[in-house]
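1. sequence? don't have it. structure:
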């Protein structure tokens, strides 16, 4: 895979209809789900993109980029509903070709305008009716069983909006992990949480059967955090560091990850240095380009593809040197790799 083309695609997207998309939600992307050269890819579906698809290949004008592309088909489990009439796709969605993802609680205490993460639209998908406010453990277990049986799902991601409790929503995920694994023994599950006030919740998540954990900071620059994440950015960095270290002790090296968003204004050299320190801790820094999402409180355009390329290449080299590959994670965003280009860069 040509890395500069892959970085360009990550920012500029492609012109192709995709039946599996992730509109809005708890995260920094609004993309279509594709497979490029056998790897999961979440790309902007952009009618103005210079990239088109013909005969299963990606073209830049008249130039064949050499990259193959397959569109992820609508999964069969989407056609089912629960006994009480909830569509399965309102409970969990397919990401990439083989990842089941859910936001267990679709509301967030930080969603007020003065607190809200500027890239997040977690409650917009709730308002549009594409999801429900809270998924029960039984619902998640039912959908996970169907997704594995009907569509070959190989891993699952559970995230949550932040709640008012001292655990910030993490303890609810304990119940959900247990229920899913009772229905689908052995399914690798990543949980994604804010640093909980009580670090013992991390032990509970592991004991429940979670295979990996994401504790997402998005930026290591406090000025950027205050600007882009005024609510979440009020959590001291020391709490993140304590949670990362505890999680590495419990889940193991390279089974803990954190998002770092490229394009929020953080100095690229500082971002790479911060990633190096995370790798030293045993935490996988999943560097991903910020892309404006409809409904988000947008303050910035997407980063230049050259910046995405440079940062991803450098971080991937450090990950290889440390023996920490995304493909070695048991479950989660880094294991999937679709939203960034680290795996294409060898990380």
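-> Received the coordinates, thanks. Computed from a predicted model, the values in this text were never measured in an experiment. Numbers count the residues shown, from 1 in each chain.
2. start and end of stretch 94-114, how far apart?
-> Taking Cα to Cα, to the nearest Å, stretch 94-114 runs 32 Å from one end to the other.
3. which SSE is residue 8 in?
-> Using DSSP states H and E, the element containing residue 8 is helix 3-12.
4. and that helix, what does it pack against?
-> strand 39-43, strand 51-54, strand 57-60, strand 63-71, helix 305-322 (3 or more Cβ pairs under 8 Å, 6 or more residues apart in numbering; DSSP states H and E). Where you see a C-beta, it was placed from the backbone N, CA and C, and this is true even at glycine.
5. tabulate the ones you listed in JSON lines, adding columns for mean pLDDT, distance to residue 161 and mean neighbour count.
-> Listed next are the helices and strands packed on helix 3-12 as JSON lines, based on pLDDT from 0 to 100; distance: least, Cβ to Cβ, whole Å; neighbours: other Cβ atoms under 10 Å:
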{"stretch": "strand 39-43", "mean pLDDT": "91", "distance to residue 161": "21", "mean neighbour count": "24"}
{"stretch": "strand 51-54", "mean pLDDT": "93", "distance to residue 161": "34", "mean neighbour count": "15"}
{"stretch": "strand 57-60", "mean pLDDT": "95", "distance to residue 161": "35", "mean neighbour count": "18"}
{"stretch": "strand 63-71", "mean pLDDT": "93", "distance to residue 161": "30", "mean neighbour count": "15"}
{"stretch": "helix 305-322", "mean pLDDT": "98", "distance to residue 161": "28", "mean neighbour count": "20"}
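6. in TSV, list the ones you listed along with distance to residue 9.
-> Output for the helices and strands packed on helix 3-12, formatted as TSV (distance: least, Cβ to Cβ, whole Å):
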stretch	distance to residue 9
strand 39-43	6
strand 51-54	6
strand 57-60	7
strand 63-71	8
helix 305-322	8
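7. of all the ones you listed, which lies closest to residue 294?
-> Taking Cβ to Cβ, strand 39-43 is the member of the helices and strands packed on helix 3-12 nearest to residue 294, at 15.4 Å.
8. centre of the chain to the closest one, how far?
-> Strand 39-43 has its C-alpha centroid displaced from the chain centroid by 12 Å (Cα atoms, centre = their mean, to the nearest Å).
9. list the contacts of it.
-> With contact meaning Cβ atoms under 8 Å, 6 or more residues apart in numbering, strand 39-43 is reached by 1, 9-10, 13-14, 22, 29, 31-35, 95-99, 336-339, 343-344.
10. quick one: buried residues of stretch 289-298?
-> 289, 290, 291, 292, 293, 295, 296 (16 or more other Cβ atoms under 10 Å).
11. endpoints of that stretch, how far apart?
-> The first residue of stretch 289-298 is 14 Å away from its last residue (Cα to Cα).
12. so which of the helices and strands packed on helix 3-12 gets nearest residue 168?
-> strand 39-43 (26.0 Å).
13. partner strands of that closest one, with direction?
-> Using DSSP bridges, strand 39-43 pairs in its sheet with strand 32-36 (antiparallel).
14. so what's residue 231 up against?
-> Neighbouring residues of residue 231 by Cβ under 8 Å, 6+ apart: 109, 110, 112, 114, 115, 116, 117.
15. for residue 285, see how far away the residue nearest to residue 108 when sequence neighbours are not counted is.
-> Distance criterion Cβ to Cβ, 6 or more residues apart in numbering; nearest residue to residue 108, sequence neighbours excluded, is residue 161 at 3.4 Å. Per Cβ to Cβ, to the nearest Å, residue 161 is found 23 Å from residue 285.
16. for this structure, name the helix or strand with the lowest mean pLDDT.
-> Ranked by mean pLDDT, DSSP states H and E, the weakest helix or strand in the chain is helix 124-127, scoring a mean of 86.
17. how about the next helix or strand after that one: buried residues?
-> Per DSSP H and E, the first helix or strand lying C-terminal to helix 124-127 is helix 137-151. For helix 137-151, a neighbour-count test (16+ other Cβ under 10 Å) marks 137, 139, 140, 141, 142, 143, 144, 145, 146, 147, 148, 151 as buried.
18. wait, the second one touches residue 86, no?
-> In this case it means residue 139. Yes - between residue 139 and residue 86 there is a contact under Cβ atoms under 8 Å: 6.8 Å.
19. from the contacts of residue 231, pick the one nearest residue 313.
-> Among these, and counting by Cβ to Cβ, the member closest to residue 313 is residue 117, at 27.2 Å.
20. can you give me the neighbour number for the closest one?
-> Counted by other Cβ atoms under 10 Å, the residues lying close to residue 117 total 24.
21. looking at this, it is in a helix?
-> No - assigned with DSSP: H, G, I helix; E, B strand; the rest coil, residue 117 falls outside any helix and is coil.
22. so it sits right up against residue 227, yeah?
-> No - shown here, residue 117 and residue 227 do not form a contact pair, counting by Cβ under 8 Å, at 10.7 Å.
23. beta partners for the residue nearest to residue 95 when sequence neighbours are not counted?
-> If you skip the residues right next to it in sequence, residue 95 has residue 101 as its closest partner in space, 4.5 Å away by Cβ to Cβ, 6+ apart. Assessed by DSSP bridges, residue 101 has beta-bridge partners residue 93, residue 157.
24. how far away is residue 101 from residue 314?
-> Distance of residue 101 to residue 314, given as Cβ to Cβ: 28 Å.
25. now residue 162
-> According to Cβ to Cβ, residue 162 and residue 314 sit 32 Å apart.
26. kindly report the same for residue 235.
-> Using Cβ to Cβ, we find residue 235 at a distance of 27 Å from residue 314.
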